[in-house]
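[1] build me a model from this:
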Amino acid sequence: MPHARTRWGIRIFYEVHEPDAPTSADPLVLVHGVGLSGRFWFDIPRSIACDAATRRRVITIDNRGTGRSDKPWGPYRMRDMADDVAAVLDACEIRRAVVAGFSLGGMVALNFAVRHPERLSGLVLLATTPGFPVGRVPGLGALARLFALPIAAGRRIRWLDRLLLSDQELDRAPEIFARWPATLRQDPMYLRTFAAQLAAAAGHTAGLRLSRIRCPTVVLAGADDILRSSTNAERIARRIPNSYVEVLPGVAHGIPWSNPRIIHHALEKLANVPLREPVADR
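    Numbering: from 1, shown residues only. Take a look at the predicted model:
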């Protein structure tokens with residue numbers, strides 16, 4: 001199984017989904033949310049790789065502490081998780097890529113953009129936050145549900161559905177989460193690494209550095225997200241010069257599962273982001 005090795009010797013698992021025809025498009029790296037391995041992208045990577053409109057090489061990553069990656073005790077830091085993405089690009093011999101991150105993965109992607117701008121040709125951010133002091137923090141109720149995820153993982157509980165889905169989406173919850181129990185048996189959530197990733201998120205402070213990001217950027221958020229308010233998306237987009245922001249009506253935090261075509265949509269928007277500031281030739 002392919003692993004990248006960080007400078008500290010931590011092994012990061014990644015999976016490559018090759019396109020079904022030659023393409024000149026930059027590869028896409030997908031970075032998932034807290035406690036979730038790359039398997040939780042489900043059919044999205046293969047669909048992107050083989051869809052004529054989005055065809056490209058797609059790499060999914062198991063963040064440290066999840067899936068088939070190493071699970072060090074910590075502490076975890078955002079800068080280290082961003083460097084894990086760079087280590088995967090090195091292992092794949094990829095010079096530049098589009099990086100897409102969901103929730104915690106969006107925080108990792110923002111830190112990657114700040115730390116490794118020369119490796120980035122585009123940025124997609126889903127349901128995430130710019131971090132302290134710019135971001136808007138979630139309410140105590142939403143945080144309590146989030147902290148309970150690794151304990152309740154594998155069981156469908158209505159109040160957990162409400163953390164990830166809007167009222168309009170609740171009737172579809174059995175369909176949306178049908179593959180979660182089997183996937184969690186393969187890649188369970190570990191309480192200690194879940195907590196370590198949350199601690200890294202608490203130390204996420206990229207907000208004041210976002211103006212350094214010059215690559216085209218698409219920021220998507222659900223209008224009904226109680227965990228990462230859409231206000232965060234608007235604040236991110238105001239600080240990144242070449243950005244497009246869209247708030248999706250009737251959508252909550254679980255954007256990749258309620259709409260499996262959302263990354264396709266983001267890549268389409270990314271190709272048409274107007275460049276208000278020049279992107280340096282790298």
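
[2] which residues of the stretch 51-200 of the chain fall in helices?
    78-91, 104-115, 140-147, 149-152, 158-164, 173-176, 180-186, 191-202 (DSSP state H, counting those that start in this stretch).

[3] average pLDDT for the fourth one?
    Throughout helix 149-152, pLDDT has a mean value of 68.

[4] ok, the last one next?
    Taken as a whole, helix 191-202 carries a mean pLDDT of 91.

[5] point out where this structure drops to low pLDDT.
    By pLDDT under 70, the weakly predicted segments of the chain are 140, 148, 151-159, 278-282.

[6] quick check, central residue of it?
    Gly101 (2.0 Å; CA atoms, centre = their mean).

[7] tell me how far that residue lies from Tyr14.
    According to CB to CB, to the nearest Å, Gly101 stands 14 Å off from Tyr14. All C-beta spots, glycine's among them, are computed from the backbone N, C-alpha and C.

[8] Pro72 is nearest to which of the helices of the stretch 51-200 of the chain?
    Closest to Pro72 of these is helix 191-202 (CB to CB; 8.2 Å).

[9] packing partners for the helix or strand that that closest one is followed by?
    Downstream of helix 191-202, the first helix or strand assigned by DSSP states H and E is strand 217-222. Other elements packing on strand 217-222 under the criterion 3 or more CB pairs under 8 Å, 6 or more residues apart in numbering; DSSP states H and E are strand 120-126, helix 230-239, strand 243-248, helix 255-258, helix 262-270.

[10] what sits up against the fourth one?
    It refers to helix 255-258. The contact list for helix 255-258, computed with CB atoms under 8 Å, 6 or more residues apart in numbering, reads 40-42, 44, 102, 126-127, 164-166, 169, 172, 176-177, 220-222, 248, 251-252, 262-263.

[11] winner for burial among the helices and strands packed on strand 217-222?
    strand 120-126 (a mean of 26; mean count of other CB atoms under 10 Å).

[12] just the C-alphas of that strand, formatted as CSV.
    The C-alpha trace of strand 120-126 is given here as CSV (Å, rounded to 0.1, in the frame of the first residue of the first chain):
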residue,chain,number,x,y,z
LEU,A,120,-0.9,25.0,-5.5
SER,A,121,-2.8,25.7,-8.8
GLY,A,122,-6.2,25.9,-7.2
LEU,A,123,-8.0,25.7,-3.9
VAL,A,124,-11.5,24.3,-3.0
LEU,A,125,-12.9,24.8,0.5
LEU,A,126,-16.0,23.2,1.7
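
[13] state the distance from Pro274 to Pro216.
    Relative to Pro216, and taking CB to CB, Pro274 is found at 9 Å.

[14] for those two, list the residues in contact with both.
    In contact with both Pro274 and Pro216: Asn242, using CB under 8 Å, 6+ apart.

[15] so which of the two has more stuff around it?
    Relative neighbour count places Pro216 above the other of Pro274 and Pro216, with 24 against 8, counting by other CB atoms under 10 Å.

[16] what are the buried residues along stretch 130-144?
    Buried residues in stretch 130-144, defined by neighbour count with 16 or more other CB atoms under 10 Å: 130-131, 134-135, 138, 142.

[17] buried subset of the contacts of helix 255-258 as a PyMOL selection?
    In PyMOL syntax, the buried subset of the contacts of helix 255-258 is picked out as below (16+ other CB under 10 Å):
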select buried, resi 40+41+44+102+126+127+164+165+166+169+176+177+220+221+222+248+251+252+262+263
